[in-house]
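Colleague: Prediction below, plus the sequence it came from.
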Amino acid sequence: AQSVAQPEDQVNVAEGNPLTVKCTYSVSGNPYLFWYVQYPNRGLQFLLKYITGDNLVKGSYGFEAEFNKSQTSFHLKKPSALVSDSALYFCAVRDRYNFNKFYFGSGTKLNVKP
Amino acid sequence: GAVVSQHPSRVICKSGTSVKIECRSLDFQATTMFWYRQFPKQSLMLMATSNEGSKATYEQGVEKDKFLINHASLTLSTLTVTSAHPEDSSFYICSALGVYEQYFGPGTRLTVT
């Protein structure tokens, strides 16, 4: 079955330190992968996507993610965290065979402390 | 990225009344839109997939007669919560499907008293 896992409910990091939010997936074929961010009482904002090509994808606000096919992972990273990065982050996968089907992870709350 | 609006942003209604939430894609035509429900500190729960000009596809466990979805144009989908009850109180989010990713609206906070 298709699925997306975000193993950490919460990630705590100090401002200025690097951050990683983990995502692993289980889908058939080559996936389309996405990261979204949600601030309180708001909808989701698109951060970045992997469709094809270079495994390292750069997105908005200095975020990047690396597609690792052998580990079926798509971890979100940022070299230097900001307090304003504190939010809820969702990983998502789009099914290439059922194009209207997306699978979302359970979300990871990122807390960046000053 | 593309812009999706939702109206209203928050609504309070009395139990037994109906509430309509509008979702508009402002700068592109969306053949497919999605409706989600999100409980506090939880992930998104897909309610239904809305396709322009055809009936919506509801996820298992979602009552189609209670959550009426209409996608009459390529820029507008509506969700009507009929005979609302306090347990319907939630954050409802719509999205419009682009070439690859979904573009999300800002969400509607529904409170049923």
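Modeller: Nice, I can see it. Residues are numbered from 1 along each chain as shown, chains lettered A, B, ... in the order given.
Colleague: Only C-alpha atoms from now on, for both contacts and neighbour counts.
Modeller: Will do.
Colleague: Pull the contacting residues for residue B:7.
Modeller: Going by CA atoms under 8 Å, 6 or more residues apart in numbering or on different chains, residue B:7 touches B:21, B:22, B:23, B:108.
Colleague: ok, it to chain A distance?
Modeller: To chain A, residue B:7 is 13 Å away according to CA to the nearest CA, to the nearest Å.
Colleague: For that residue, give the beta-bridge partners.
Modeller: Taking DSSP bridges, one obtains residue B:22 as the residues bridged to residue B:7.
Colleague: related to what we said a few turns ago, make a markdown table out of the contacts of residue B:7 and add neighbour count.
Modeller: Formatted as a markdown table, the contacts of residue B:7 follow (neighbours: other CA atoms under 10 Å in any protein chain shown):
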| residue | neighbour count |
| --- | --- |
| B:21 | 22 |
| B:22 | 20 |
| B:23 | 28 |
| B:108 | 24 |
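Colleague: Next, format these as a markdown table and append pLDDT.
Modeller: Shown next, in a markdown table, are the contacts of residue B:7 (pLDDT from 0 to 100):
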| residue | pLDDT |
| --- | --- |
| B:21 | 98 |
| B:22 | 97 |
| B:23 | 96 |
| B:108 | 96 |
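Colleague: Next, the buried residues of stretch A:51-65.
Modeller: Residues of stretch A:51-65 classed as buried: A:57, A:58, A:63, A:64, A:65 (neighbour count, 16 or more other CA atoms under 10 Å in any protein chain shown).
Colleague: got the CA coordinates for it in CSV?
Modeller: Once non-C-alpha atoms are left out, stretch A:51-65 reads as follows in CSV (Å, rounded to 0.1, in the frame of the first residue of the first chain):
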residue,chain,number,x,y,z
ILE,A,51,9.8,15.3,-10.0
THR,A,52,12.8,14.1,-11.9
GLY,A,53,16.5,15.0,-12.4
ASP,A,54,18.9,16.2,-9.7
ASN,A,55,18.2,14.4,-6.4
LEU,A,56,18.9,17.6,-4.4
VAL,A,57,16.0,20.0,-4.7
LYS,A,58,16.1,23.6,-3.5
GLY,A,59,12.9,25.4,-2.5
SER,A,60,11.5,28.4,-0.8
TYR,A,61,12.9,30.1,2.3
GLY,A,62,16.3,28.3,2.0
PHE,A,63,14.9,24.8,2.4
GLU,A,64,16.2,21.9,0.4
ALA,A,65,15.4,18.2,0.3
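Colleague: Give me the contact list for it.
Modeller: Counting by CA under 8 Å, 6+ apart, A:31-33, A:47-50, A:66-68, A:74-78 sit against stretch A:51-65.
Colleague: Skipping adjacent residues, who's closest to the residue of chain A found nearest chain B in space?
Modeller: Taking CA to the nearest CA, chain B has its nearest neighbour within chain A at residue A:43, 4.0 Å off. Of all residues not flanking residue A:43 in the chain, residue B:106 sits nearest, at 4.0 Å (CA to CA, 6 or more residues apart in numbering or on different chains).
Colleague: related to what we said a few turns ago, now, the buried residues of stretch A:51-65 that are in strands?
Modeller: Mapping the buried residues of stretch A:51-65 onto strands (DSSP state E) picks out A:57, A:58, A:64, A:65.
Colleague: okay, among those, which ones form the most distant pair?
Modeller: Spanning the widest gap among these are A:58 and A:65, at 6.6 Å by CA to CA.
Colleague: Which parts of chain A are strands?
Modeller: Using DSSP E, strands in chain A cover A:3-5, A:10-14, A:19-21, A:24-26, A:32-38, A:44-50, A:56-58, A:64-68, A:73-78, A:87-94, A:102-104, A:108-113.
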